[in-house]
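**Student:** Below are the sequence and a predicted model for it; my questions follow.
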Amino acid sequence: MNKPWEIIEFIPYVCQHWRIPVIACVSALTLTLAISLQLPKRYTAKVVVSIEPPAGSDARMVAAISPVYLESLKGYERVASSDSLFARAVENFHLKEANPSEPIEAMKRRILKISKIRETRLLEISATLGDPHMAHQFAQYIAQETVAMNRQESAAADRDRASQVEHELAESRLRLDKASKASLGSARSAIEALQSRNDADQDLLAKLRLELAENPGDSAREVAVKAAVVELEREISTNEAKIDAASARREREEAEFNIAQSEYASLSNRLLDLQAAAGTGGERLRIVDPGIVPERPTFPNVLLDVLLATVIAAAGSISYIALSFSYQRRRAHDALFR
């Protein structure tokens, strides 16, 4: 029917066979309506969970959340749709008893749908069941358990961080105690003893030198005094070297003590900060829309099914009439030129 007069001829032909599309549409409508009304109804309940940024976040940072960050929140879909959580929900609502032979994976695909709404921080949890009240309760259960799991995971992470810092703090305390004992230990006493002995040697050396200066003529005494002077000078030099070494050691011990004290104070403050910030380190989940008990079934969609069946029936009947029209025209054409 690619010529205008063929189309003009086709319209009356359709009018002559108007019963075919009418019967097809009425039959399709009636059959589809009957089947749709016999199918078991399913209701879908929805609950919306908000993924809040960590507590204490800068308001400017929250306002400037990037698409990359929003995309990363899709990981919460996996949390809400975890097999273990769904299995607990199935057991809690005794759904396996109604379909004991259905695999839980197939049941999950049929009942549960989790999706993060695009470019938002909202997580939508949908549950589809034959009982609208149970569907609503099931969706709420999944949402509540997801929030609880996130809270527990956040608390566990906080405990792990605090436990690690407590372990480091205990080790730092041991180092501080060791450094404190060392800085208050034998080094100070050794320095004081050496210094006292050195002072006494210095006094004796001064007296011997004075004696040599006052009695230069007594040769026997002079030799003994000179020998004593040499010995005292050697001893004083040795003691001064020991004092320098002990002082250097004491300085190192005091430096180690200061470092250990600073490290211990830093870890103590860090632990206090972790304890004060417990539960605020990661995203927080909150149910912002608990949903309602659905009143209209989502399956079957009777109106849509009837309209679709009617359109298909009308298109099919018109196509049948068009084929019949073309066939009759070919036969008439062949008979004309035979």
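**Tutor:** Received it, and whenever you're ready, just let me know what you need. Numbering: from 1, shown residues only.

**Student:** confidence score at the closest residue to Pro67 other than its chain neighbours?
**Tutor:** If the residues on either side of it in the chain are set aside, Pro67 comes closest to Glu119, at 6.9 Å by C-beta to C-beta, 6 or more residues apart in numbering. The C-beta positions use only the backbone N, C-alpha and C, and glycine is treated the same way. We have a pLDDT of 83 for Glu119.

**Student:** now the one 3 residues further on
**Tutor:** pLDDT for Leu122: 92.

**Student:** thought it was touching Lys116?
**Tutor:** Yes. Here Leu122 reaches Lys116: they are 7.1 Å apart, a contact under C-beta atoms under 8 Å.

**Student:** before we move on, back to that, what secondary structure does the residue nearest to Pro67 sit in?
**Tutor:** At Glu119, secondary structure determined by DSSP: H, G, I helix; E, B strand; the rest coil is coil.

**Student:** That one - how many residues pack around it?
**Tutor:** The number of residues packed near Glu119 is 10, by other C-beta atoms under 10 Å.

**Student:** In this structure it contacts Leu70, no?
**Tutor:** Yes. Counting by C-beta under 8 Å, Glu119 touches Leu70, with 6.0 Å between them.

**Student:** quick one, strands of the stretch 201-338 of the chain?
**Tutor:** Counting by DSSP state E, counting those that start in this stretch, the stretch 201-338 of the chain has strands at residues 284-289.

**Student:** residue boundaries of the helices in it?
**Tutor:** 219-276, 302-336 (DSSP state H, counting those that start in this stretch).

**Student:** Identify whichever of those helices lies nearest to Leu37.
**Tutor:** helix 302-336 (6.9 Å; C-beta to C-beta).

**Student:** buried ones in the closest one?
**Tutor:** Residues of helix 302-336 classed as buried under the neighbour-count rule (16 or more other C-beta atoms under 10 Å) are 302, 305-306, 309-310, 313, 317-318, 321, 325.

**Student:** Could you do stretch 164-181 as well?
**Tutor:** Those would be 165, 168-169, 172, 175-176, 179, for stretch 164-181 by 16+ other C-beta under 10 Å.

**Student:** Show residues contacting it.
**Tutor:** Outside stretch 164-181, the residues that touch it by C-beta atoms under 8 Å, 6 or more residues apart in numbering are 253, 256-257, 259-261, 263-264, 267-268, 270-271, 274.
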